[in-house]
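J.: could you work out the structure for the sequence below:
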Amino acid sequence: MSKKLFLSSVLFPVLILLASGSVFTAPAQKSKTATQQKSGKIVIEYVSFPDVFKQYDVYPWETMNVEDFREAYKEMLGPKRREEWVGSLTGTGDRNRMIHVFSEHILLITGCKPYACDTSQLIVLFSPLSKKCFALSATEGKFEWLGNPDERTKNLLKVLLVEEFREAYKAR
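T.: Numbers count the residues shown, from 1 in each chain. Have a look, this model is predicted:
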């Protein structure tokens, strides 16, 4: 069973309002999905890992053992490498997930600084096909794009940050 989120591609302050519970799920409907995408909405579908991408169905720190990911991730990080938990993905995090968005399977990795999840989060997107990695780092209210994402990917990262760290952003 998949979960779909229909969220407007809007500015970050509006996304904070979404964290209060106004995100809704809807059953998969092919015609509705196409209509939603044409209307400027982002459709995120959480899916099972296809067999070809099973090596990514691990915890964030274990993803560093996959050469394609490790190379793209280290290249994307640049100066953020100096932060141990970010460079090694050893922060607090759940297993990776696969999402289907923009007609592509994308690896979703989330994590936060140990003992500081309310102030320091990381959302990573990796395309196993294009071998490109993008991220949004949020530290004490300051946001940093990693990997030079385009506007569409920035909007997706913003939506995922709020969705994944709903509790941290609920009070803001």
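
J.: tell me which stretches of this structure form helices.
T.: 12-17, 30-38, 60-63, 67-77, 84-88, 151-164, 166-170 (DSSP state H).

J.: got those helices as CSV, with distance to residue 116, mean pLDDT and mean neighbour count columns?
T.: (C-beta placed from N, C-alpha, C; glycine too.) CSV is the format used below for the helices of the chain (distance: least, CB to CB, whole Å; pLDDT from 0 to 100; neighbours: other CB atoms under 10 Å):
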stretch, distance to residue 116, mean pLDDT, mean neighbour count
helix 12-17, 19, 33, 14
helix 30-38, 36, 36, 12
helix 60-63, 16, 97, 18
helix 67-77, 19, 96, 16
helix 84-88, 9, 92, 16
helix 151-164, 15, 95, 20
helix 166-170, 10, 77, 15
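
J.: which among those is found nearest to residue 128?
T.: Among the helices of the chain, the nearest to residue 128 by CB to CB is helix 67-77 (6.9 Å).

J.: helices or strands up against the closest one?
T.: helix 60-63, helix 84-88, strand 120-127, strand 132-139 (3 or more CB pairs under 8 Å, 6 or more residues apart in numbering; DSSP states H and E).

J.: wait, residue 112 sits on residue 165?
T.: Yes: if you go by CB atoms under 8 Å, residue 112 and residue 165 touch, sitting 7.2 Å apart.

J.: picking up where we left off before, mind checking which of the helices of the chain is nearest residue 52?
T.: Here helix 67-77 is closest among the helices of the chain (CB to CB), at 12.0 Å.

J.: quick one: contacts of that closest one?
T.: With contact meaning CB atoms under 8 Å, 6 or more residues apart in numbering, helix 67-77 is reached by 56, 63-64, 81, 86-87, 89, 107, 124, 126, 128, 131-135, 146-147.

J.: go with 10 Å
T.: Residues external to helix 67-77 that are found in contact with it (CB atoms under 10 Å, 6 or more residues apart in numbering): 55-56, 63-64, 66, 81, 83, 86-87, 89, 96, 107, 109, 124, 126-128, 130-135, 137, 146-149.

J.: save the helices and strands packed on helix 67-77 as JSON lines, and put in distance to residue 45 too.
T.: What follows is the helices and strands packed on helix 67-77, written out as JSON lines (distance: least, CB to CB, whole Å):
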{"stretch": "helix 60-63", "distance to residue 45": "21"}
{"stretch": "helix 84-88", "distance to residue 45": "27"}
{"stretch": "strand 120-127", "distance to residue 45": "14"}
{"stretch": "strand 132-139", "distance to residue 45": "19"}
